[in-house]
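*Asks:* need coordinates for the following:
(chains A and B)
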Amino acid sequence: MEQIPQTPKEKFKLVHDENNAEQEKISTPALTYMQDVRRRLFKNKVAVVCLTLISIIVLISIFAPIIAPHNPNAQNVTMSNLPPKLGNLNIPGMNGYQNMGGKMVDAYKQAGAPKGTSFILGTDYLGRDLLSRIIYGTRLSLIVAVLATLVDLLIGVPYGIVSGWKGGKTDTFMQRIVEIVSSVPNLIVVILMMIVLKPGLTSIVIAIAITGWVTMARLVRAQTFQLKEQEYILAARTLGESSTKIATKHLIPNLSSTIIIQTMFTIPNAIFFEAFLSFIGIGIPAPNASLGTLLSDGQKAFRFLPYQMWAPAIILSIIMIATNLLGDGLRDAFDPQSSEH
Amino acid sequence: MTKYILKRIFYLFLTLFIIASLTFFLMKLLPGTPFSNQNRMSPDQLKIVKAQYGLDQSVFVQYVRYMGGLLQGNLGTSFQFNNEPVTALIGQRLAPSMQIGAQAMVVGTVFGILLGAVAAIRKNTWADTLATFVSILGLSIPSFVLAVLLQFYLAYKWRIFPVALWDNFQSSILPTIALAALPLGTVARFMRTEMVDVMSSDYIELAKAKGNSSWKVVTKHALRNSLIPVVTIIGPMAVSVMTGSMVVENIFSIPGIGEQFVKSITTNDYPTIMGLTIFYSFLLIIVYLIVDILYGLIDPRIRLGNGGKE
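*Replies:* Numbers count the residues shown, from 1 in each chain, chains lettered A, B, ... in the order given. Reported below is the predicted structural model:
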């Protein structure tokens, strides 16, 4: 056999050595997934506006006792049904004047309110300050939403993971339960629960959570099914990792986007249910205010005192729109392919 | 396919059975009896009244009786509404609810499809933004808020429609709009996503390449194919319309089953609550079943049980 002549190493030389290294260099810092998501979210103007709005509303609710100008449940019958008035500013609709028999009358003077009294959003039929009631009402609605969402997470996520992970008979059985629960109209279960339980915050949260977890469980199960087949899960299994550890270390982080997005749609749903129940009179009991009870009170008097209906209607709509749009924004941020549509 | 339908019908009855049992026992859990407020009744009278409604029997006997009645289509007797059978109550009040429900579904679906299609065809233009905005409003604003606002402006202030009345078609317009908003938003949004997908597919490119007018491409190819998945959201839409109808009927004083349901809740009329719960669930499960079968017929990929669903 003929020997292939050995070429000495020194004869080899890298072409444009320094240049190449320069080209291969990664000039921008590598972003983690979460950083990437945040960047995409903040690029979305609508989402940023909604996020800001929601943050403001949440902050106001948290600091309600400091911000609210009056006690939301303090009654003062002499000052009942006063129209909105913003200090001494003479803005139509905000100057304390009210249409009475075709004439605009200073309702504050008529009620004999001391000079300088002003209720920015007016008062209700018991003389309670509407602005304070709205602030506390929003706070209550948000508390319901957060608690319902938490319960949703605590039931829905483990249920979905177990169902998807175990598969087979366990999965079939668990899915039958899901099917049955989801085939009963949500609202009917909620209403039934509200009739059985005593009206109040806890009952509303329980009632909403009883049906609310199903969607979350479904989504998590479907996602778990896909993740289960991934190589890194197989690797973890092969290495003898316990199921619980796989779930917490591998599944949940990878499910996080699904969970966060679904949460953003659970929140407006819970707010809607609370408002709905309070509106038909089986939600938050008097004298506490929630957006639903305020709207219901406002609707009863809307012919003569429309301002009592406007404020809660606007706040409720803003919260609903903002959470929905933020949910959309988050979905686009987590899954950029969906925004390409 | 037949096997699939039979299986679904079996589950339908199973679900109904569970719902009926659950409702029954939940109602039994309630403290007191419907007559505990009537102090003037002597113990003997109370006994007679209880016997009349079968409340003197054990819970199990009551349960068996109730379920037996259900099989014969008997939902019990109302405590509050002149001792009328619940089925009769539902029968009297079904028509108005069905009318506004159907109108809302049709209006919502038709305008939703139009809105979604326009948004998809004019993607990333002002028309798209406007359509998306409208559908978000429809999705977000609760039907009762919308109903209250419509009532205030269109009926009370501008006097275009009656405030709260139920006689002719005109009186059904406002409740229909209030109920249609949510289906409209849902359909429009769904339709847009589907249609954008379809518009970028190969067969649309081919149809365009063959020299078809863009009108023909849209109506003959794109619209048809994007419509198929819309069938799947009819079920959830029916739920939302039903939910909405409870308050909307109340706001506009429409003598429908939604209004009846709320009224029976506030008056603790348990047989009516139970009867309406079962009735609502039945309607809904039927809608879901029809939608699933329809979808199976339209799209053969679904037919094999759950295979295509998850």
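*Asks:* going by C-alpha atoms from here, please, whenever you check contacts or count neighbours.
*Replies:* OK.
*Asks:* close to chain B: what parts of the stretch 151-300 of chain A are there?
*Replies:* A:180, A:183-185, A:187-188, A:192, A:195-196, A:222, A:272, A:276, A:280-282, A:295, A:299 (CA under 8 Å from any CA of the partner chain).
*Asks:* of those, which belong to helices?
*Replies:* Under the assignment DSSP state H, those contribute A:180, A:183, A:187-188, A:192, A:195-196, A:222, A:272, A:276, A:280, A:295, A:299 to helices.
*Asks:* now these: which count as buried?
*Replies:* Neighbour counting by 16 or more other CA atoms under 10 Å in any protein chain shown classes A:180, A:183, A:187-188, A:192, A:195-196, A:222, A:272, A:276, A:280, A:295, A:299 among those as buried.
*Asks:* need the residues you listed in CSV (columns: pLDDT).
*Replies:* Conversion of these to CSV gives the following (pLDDT from 0 to 100):
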residue, pLDDT
A:I180, 75
A:S183, 69
A:L187, 72
A:I188, 73
A:L192, 78
A:I195, 77
A:V196, 79
A:A222, 88
A:F272, 87
A:F276, 86
A:I280, 80
A:L295, 84
A:Q299, 79
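*Asks:* closest to B:S214 out of these?
*Replies:* B:S214 has its nearest neighbour among those in A:A222, at 38.6 Å by CA to CA.
*Asks:* what kind of secondary structure is B:S253 in?
*Replies:* Using DSSP: H, G, I helix; E, B strand; the rest coil, the structure places B:S253 in coil.
*Asks:* could I get the ones in helices among the residues of the stretch 151-300 of chain A next to chain B as TSV with distance to B:P96?
*Replies:* Output for these, formatted as TSV (distance: CA to CA, whole Å):
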residue	distance to B:P96
A:I180	29
A:S183	25
A:L187	21
A:I188	20
A:L192	24
A:I195	26
A:V196	29
A:A222	40
A:F272	25
A:F276	22
A:I280	20
A:L295	25
A:Q299	23
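*Asks:* most widely separated two among the residues you listed?
*Replies:* That would be A:A222 and A:Q299, which, of those, are the farthest apart (CA to CA) at 43.0 Å.
*Asks:* give me the low-pLDDT residue ranges for the chain?
*Replies:* Just going to use chain A. A:1-2, A:15-26, A:80-81, A:86-96, A:99-105, A:107-118, A:183, A:185, A:336-341 (pLDDT under 70).
*Asks:* wrong chain, I was asking about chain B
*Replies:* Where chain B drops to pLDDT under 70, the residues are B:31-41, B:53, B:80-82, B:163-165, B:299-310.
*Asks:* and it, which of its residues are near chain A?
*Replies:* By CA under 8 Å from any CA, the part of chain B that sits against chain A consists of B:15, B:19, B:23, B:26-27, B:29-30, B:136-137, B:140-142, B:144-145, B:148, B:152, B:156, B:193, B:196-197, B:239, B:243, B:247, B:262, B:265-266, B:277, B:280-281, B:284-285, B:310.
*Asks:* quick one, helices of chain B?
*Replies:* In chain B, the helices defined using DSSP H lie at B:2-29, B:43-52, B:59-71, B:86-121, B:126-140, B:143-150, B:173-199, B:202-209, B:214-216, B:223-230, B:234-251, B:257-266, B:270-298.
*Asks:* output the second one as PDB, restricted to C-alpha atoms.
*Replies:* Taking Å, rounded to 0.1, in the frame of the first residue of the first chain, the C-alpha atoms of helix B:43-52 are listed here in PDB:
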ATOM      1  CA  PRO B  43     -98.800  21.900  63.000                       C
ATOM      2  CA  ASP B  44    -101.800  20.000  61.500                       C
ATOM      3  CA  GLN B  45    -102.100  22.300  58.500                       C
ATOM      4  CA  LEU B  46     -98.300  22.100  58.000                       C
ATOM      5  CA  LYS B  47     -98.600  18.300  58.000                       C
ATOM      6  CA  ILE B  48    -101.300  18.400  55.300                       C
ATOM      7  CA  VAL B  49     -99.400  20.800  53.100                       C
ATOM      8  CA  LYS B  50     -96.300  18.700  53.500                       C
ATOM      9  CA  ALA B  51     -98.200  15.600  52.600                       C
ATOM     10  CA  GLN B  52     -99.700  17.300  49.500                       C
END
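*Asks:* which of the residues of chain B next to chain A count as buried?
*Replies:* Taking 16+ other CA under 10 Å as the criterion, what is buried in the residues of chain B next to chain A is B:15, B:19, B:23, B:26-27, B:136-137, B:140-142, B:144-145, B:148, B:152, B:156, B:193, B:196, B:239, B:243, B:247, B:262, B:265, B:277, B:280-281, B:284-285.
*Asks:* in chain A, where's the longest helix?
*Replies:* helix A:130-166.
*Asks:* can you give me the offset of that helix from its chain's centre?
*Replies:* Distance of helix A:130-166 from its chain centroid, counting by CA atoms, centre = their mean, to the nearest Å, is 8 Å.
*Asks:* check stretch A:280-300 too.
*Replies:* 21 Å.
*Asks:* pick the most deeply packed of the helices of chain B.
*Replies:* Scoring the helices of chain B by mean neighbour count under mean count of other CA atoms under 10 Å in any protein chain shown gives helix B:173-199 as the most buried, with a mean of 25.
*Asks:* what is it packed up against?
*Replies:* When contacts are defined as 3 or more CA pairs under 8 Å, 6 or more residues apart in numbering or on different chains; DSSP states H and E, helix B:173-199 sits against helix B:86-121, helix B:126-140, helix B:143-150, helix B:223-230, helix B:234-251.
*Asks:* can I get those in JSON lines with distance to B:Y66?
*Replies:* Converted to JSON lines, the helices and strands packed on helix B:173-199 look like this (distance: least, CA to CA, whole Å):
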{"stretch": "helix B:86-121", "distance to B:Y66": "13"}
{"stretch": "helix B:126-140", "distance to B:Y66": "39"}
{"stretch": "helix B:143-150", "distance to B:Y66": "35"}
{"stretch": "helix B:223-230", "distance to B:Y66": "39"}
{"stretch": "helix B:234-251", "distance to B:Y66": "25"}
